[in-house]
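In: here you go, sequence then predicted model.
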Amino acid sequence: MAGSNGVSRRQMFKTSAAFGGAIAAAPLLSACGSGNAAAKESGVAAKSAVQAVLPTFKASSAVTPDIPPVAGANGAASDPAFLSYPASPPRSVTGAVGSGGSYSAVSPIWGSVPAPGNSYYTAVNQALGATLTDSPSDGTNYATMLATRFASGNIPDWLDVPGWNVSAIQNFAEGVDKYFTDLTPYLGGDKVLDYPNLAAIPTGGWQAGVWNGKLYGIPLWTSAAVIPGAVFYRADILKAAGIDPSTVTSADTLKGVGKQVNNPSKGQYAFDDLTKYLYQVFNIPQNNGNTGWTRDSTGKLVNGYEVPEFLEMLNFANDLAKSGLVHPDALAGDSSKAKNRFWAGKTVITADGSGAWNKGDAQSGAAANASYERQAFKLFAFDGGKPSIALYPGSGMFSYVNKKLTGAQVKELLRIANYLAAPFGSAEYLISRYGKEGVDYTMTDGAPILTDQGNKDVTDTLDQLANCQSITFNAGYNQITKDYAAWQADMVQHAFKPTFYAMNISEPAQTAKASTALEAVITDVRMGRKGVADYQSALTTWQNAGGNQLRDFYEGIAKQYGTGN
């Protein structure tokens, strides 16, 4: 979840399977354009109801990116990219922000909790004209903390709720109505235009913040290009071997390149474990990193496990493993050192979330090998046909405002949110993300760099309450930014919204055991420990033990609420 450089931290949110997506605590609570418990049973009516409460999108004109976004298919678009921070940052907020109010907030933190009242917090509160007191809570145990607060009703004025923690909160759909302010009257439609920086958040980010037909959540780390990830390669190694990466246009050509660079006698293997990142290559239906659902030629709802391409994928992965092309540690299931293997050149081709391609990665790779260069293959399909890639929801983290606040207080907090959502390159962004110049950060070579004091005080706290659209920026590593932006601009041309896109669905608990058992067999087949026939047998067991029940469950959702795409 880190940003594209070690300084800007999470400013560029590129997710991987670790993102998880929002999982609701009831059969259907929210949806991207469909799931709406208050709507009529018609999927079309539900879609219209949800769209009706979404804020109007209006791009910010305060800052011009060096590499503008490129529109793709089905609402996808690449992230704006920057090569340096503007020398004279413009202002994106006019007029007073706060009106002297004091508000409590709770957000997750992964790392040390900064001291309260530090120079960073002081600088931000002075700029806001209000007192915002954030009490960060350990991100690892955040779900437990949230569940306790919801059970007791101890809700702060402003609360960050990651989508992947929602399942830990009993009856969350009822909880949003009980504890949080319906923001529809404040932000729905053109009302958001009173808050220009919030209006500049891509529409897709707001969609999973709709619960029970009302807009509750303020999206965080929003992008119109959230995807499972990419297949990466060591560009320096392929270049030294005289291999043109553009020749990789199918599974067979990928394997062919792997054979050319595989050299176990020197400790260099072609592949790490490509895991579920092969789903894109083999056109397997997926949703938020797992197998998803689609309709077959007869109209029957089928899971990704059941499509013919899944067998193709398993055969391919099994063949790589048995051919000695996959690093032994990867076959043993050691994924914790996958990046280290790639940096050291022990693997030449790997797969990861797209956020792995950044300044920090380049620095780690160069420390292991001075010639290190990461690149990603352009999207390709296993059979050489037209590639496609499933979009994830535009955002998976949301902040919520306490229902006990008055209308005037809600508006003050929204003005604060508008300030915190200032675009990259603006004057407000510097203050809200870095604090006070000369104390918390200095501008060095076109980028804000935290001081020693800043490294103690400036953490991902206030930007977990509101922030701007995701961007790409790698201070001092402009070629990475250019390369990634070009790759992303091509990638979004192949994007689509999968079935049940962005719908917050909790599957029947009794089906989880069957899916877990099937996944265990899939891993064994992928690693070469079992054959594809073992999978086919396990698939039948899965269907009888829970898969068919899941199919009926999703058919019910499709009939009542639509499919989100």
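Out: Received, thanks. Residues are numbered from 1 along each chain as shown.
In: wait, a strand at residue 182?
Out: No: counting by DSSP: H, G, I helix; E, B strand; the rest coil, residue 182 is not found in a strand; it is coil.
In: what does the pLDDT read for the nearest residue to it once chain neighbours are set aside?
Out: Nearest non-adjacent residue to residue 182, counting by CB to CB, 6 or more residues apart in numbering: residue 214, 4.5 Å away. Where C-beta positions appear, they are placed from N, C-alpha and C, glycine not excepted. Looking at residue 214, its pLDDT reads 93.
In: can you pull out the strands in the stretch 151-300 of the chain?
Out: Assigned by DSSP state E, counting those that start in this stretch, the stretch 151-300 of the chain shows strands spanning 158-162, 210-211, 214-215, 218-220, 230-234, 269-271, 286-287, 290-291, 293-295.
In: I'd like to know which elements the last one is packed against.
Out: To tie it back to what came earlier, the one meant is strand 293-295. strand 301-303 (3 or more CB pairs under 8 Å, 6 or more residues apart in numbering; DSSP states H and E).
In: in its sheet, what does the strand it packs on sit against?
Out: Applying DSSP bridges, strand 301-303 is found paired with strand 293-295 (antiparallel).
In: work out the gap between the partner strand and the centre of the chain.
Out: 23 Å (CA atoms, centre = their mean, to the nearest Å).
In: report the buried residues of that strand.
Out: 293-294 (16 or more other CB atoms under 10 Å).
In: show residues contacting that strand.
Out: 285, 287, 301-304, 307, 498-500, 551, 554 (CB atoms under 8 Å, 6 or more residues apart in numbering).
In: before we move on, what about stretch 106-117?
Out: Against stretch 106-117 from outside (CB under 8 Å, 6+ apart): 1, 120-121, 133-140, 142, 145, 149, 156, 158-160, 162, 399, 456-462, 464-465.
In: now the buried members of those.
Out: By 16+ other CB under 10 Å, those give 1, 120-121, 133-134, 136-137, 139, 142, 145, 149, 156, 158-160, 162, 399, 456-462, 464-465 as buried.
In: among these, which lie within helices?
Out: Judged by DSSP state H, the subset of these located in helices is 120-121, 142, 145, 149, 456-457.
In: need the max-distance pair from these.
Out: For those, the farthest-apart pair by CB to CB is 149 and 456; their separation is 27.6 Å.
In: now the helices for the stretch 201-350 of the chain?
Out: Along the stretch 201-350 of the chain, the segments classed as helices by DSSP state H, counting those that start in this stretch run 203-207, 235-240, 251-261, 278-281, 308-322, 328-331, 338-344.
In: show me what counts as buried in the last one.
Out: Along helix 338-344, these residues count as buried under the neighbour rule (16+ other CB under 10 Å): 338-339, 341-344.
In: out of those, which is nearest to residue 202?
Out: The closest of the buried residues of helix 338-344, once distances to residue 202 are taken by CB to CB, is residue 339, at 29.3 Å.
In: who's in contact with the closest residue in space to residue 87 that isn't next to it in sequence?
Out: Spatially, and ignoring its direct neighbours in sequence, residue 87 is nearest to residue 446 (7.6 Å; CB to CB, 6+ apart). For residue 446, the contacting residues are 83-85, 87, 475, by CB under 8 Å, 6+ apart.
In: ChimeraX command for the buried members of these?
Out: Burial among the contacts of residue 446 is assessed by 16+ other CB under 10 Å; the matching ChimeraX selection reads:
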select :83,84,85,475
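In: find the pair from the contacts of residue 446 with maximum spatial separation.
Out: Going by CB to CB, the pair spanning the contacts of residue 446 furthest: 87 and 475, at 14.0 Å.
In: next, the buried residues of stretch 485-493.
Out: Those would be 485, 487-493, for stretch 485-493 by 16+ other CB under 10 Å.
In: centre of the chain to that stretch, how far?
Out: 16 Å.
In: export that stretch to PDB, keeping only CA atoms.
Out: The C-alpha coordinates for stretch 485-493 follow below in PDB (Å, rounded to 0.1, in the frame of the first residue of the first chain):
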ATOM      1  CA  ALA A 485       2.500   5.800 -17.000                       C
ATOM      2  CA  ALA A 486       3.000   4.400 -20.500                       C
ATOM      3  CA  TRP A 487       2.300   0.900 -19.400                       C
ATOM      4  CA  GLN A 488      -0.800   2.000 -17.400                       C
ATOM      5  CA  ALA A 489      -2.100   4.000 -20.300                       C
ATOM      6  CA  ASP A 490      -2.000   0.900 -22.500                       C
ATOM      7  CA  MET A 491      -3.400  -1.300 -19.800                       C
ATOM      8  CA  VAL A 492      -6.600   0.700 -19.200                       C
ATOM      9  CA  GLN A 493      -7.500   0.200 -22.900                       C
END
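In: residue 322: neighbour count?
Out: 14 (other CB atoms under 10 Å).
In: correct me if wrong: residue 279 contacts residue 288.
Out: No: counting by CB atoms under 8 Å, residue 279 sits too far from residue 288 to count as a contact (11.4 Å).
In: name the residues contacting each of these two.
Out: By CB under 8 Å, 6+ apart, no residue touches both residue 279 and residue 288.
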